[in-house]
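In: 3D, please:
(chains A and B)
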Amino acid sequence: MSESKLWFLFIVAALILLVFLGIHLGYMHLDNILGVNDPLDYNNVKTRGQDTFWLVSYLILLVAALYHGMYGLRTILLEYFPQNLKFINGLIGIIGFLALVLGSYVVIYSYIGG
Amino acid sequence: MYDNRLGIKGNFYAGKFGIERYLYTLHRISGLGLIIYLLLHIVVTSFRLGGPDAWAKAMGTVDSPIFKFGEFLVVVAGVFHGLNGLRLILTEFGYFIGKPERQEYPYKYSTLKQRPLMYFLMILALVGIVISVYDIYLA
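Out: So this is what the prediction gives:
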């Protein structure tokens, strides 16, 4: 894919994150103000994991956040080490792929009743 | 390929550039913090698969004032990065910088034109940070 398309996806991911990360951060960190019952309690984590709304939002967050974050990290690394394009692309790709696999495995496994 | 003359130093001394140049530095630092946090977050939350005991152990490990402050920093970084990023996207696509016009003295360049938006969003970020301080430490 061309650099400009990769960059455009980075911007699209940013806009998605504004909405979904807003919901996620608000729910997890404004729990006292919003009256959310201990969001880190195992049973609450489990109930959320089996809810279709949270499944979809976790998957969207995972893809958008990893793409946006790893693209941003790549930009920074390329700025300081412009001669290492292939190595940086590989490193970013491998870390992003592993995190995506682990994250989506946890989210999907939780949804189907793990 | 280009020559990055100032290197990392260029992030901390902006010379005669405006405040936006320091927001750029903060944007970059908060972004780096957030991506490192995201990768840790994916690993830590995966302990959920080990059942209630593994989860309790993982949550116990991160249940200390230092980690709580770290979590607070993640919220601060997220709020700042999101709102400053919104400004970057809006100005990138030509909003809040006015229409192109004939240059006449005194010059009004785009950095000046977007400044009210910048102040508005930074105040909004501050409000968000104050609310999260209240929720995390005081409520």
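In: what's the closest non-adjacent residue to the most centrally placed residue in chain B?
Out: Central residue of chain B (C-alpha atoms, centre = their mean): B:His81, 2.2 Å from the mean position. For B:His81, ignoring the flanking residues on the chain, the nearest one in space by C-beta to C-beta, 6 or more residues apart in numbering or on different chains is B:Ser30 at 4.4 Å. In this view, the C-beta of every residue, glycine as well, is placed from N, C-alpha and C.
In: And what about that neighbour, helix, strand or coil?
Out: Following DSSP: H, G, I helix; E, B strand; the rest coil, B:Ser30 is assigned to helix.
In: Isn't it up against B:Phe80?
Out: Yes. At 5.5 Å, B:Ser30 and B:Phe80 qualify as touching, with contact defined as C-beta atoms under 8 Å.
In: hang on, the earlier thing: list the contacts of the residue nearest to B:His81.
Out: B:76-78, B:80-81 (C-beta atoms under 8 Å, 6 or more residues apart in numbering or on different chains).
In: Name the nearest of those relative to B:Val130.
Out: Of all the contacts of B:Ser30, B:Val130 sits closest to B:Val76, with 10.5 Å by C-beta to C-beta.
In: ok, which residues in chain A are in contact with chain B?
Out: Residues of chain A lying close to chain B by C-beta under 8 Å from any C-beta of the partner chain are A:11, A:14-15, A:17-18, A:21-22, A:25, A:29-33, A:40, A:42, A:45-46, A:49, A:62, A:65-66, A:69-70, A:72-73, A:76, A:79-80, A:82-83, A:95, A:99, A:102-103, A:105-106, A:109-110, A:114.
In: ok, A:His24 touching A:Trp54?
Out: No. Counting by C-beta under 8 Å, A:Trp54 is not a contact partner of A:His24; they are 9.3 Å apart.
In: Report the helix or strand with the lowest average pLDDT across chain A.
Out: helix A:31-34 (a mean of 87; mean pLDDT, DSSP states H and E).
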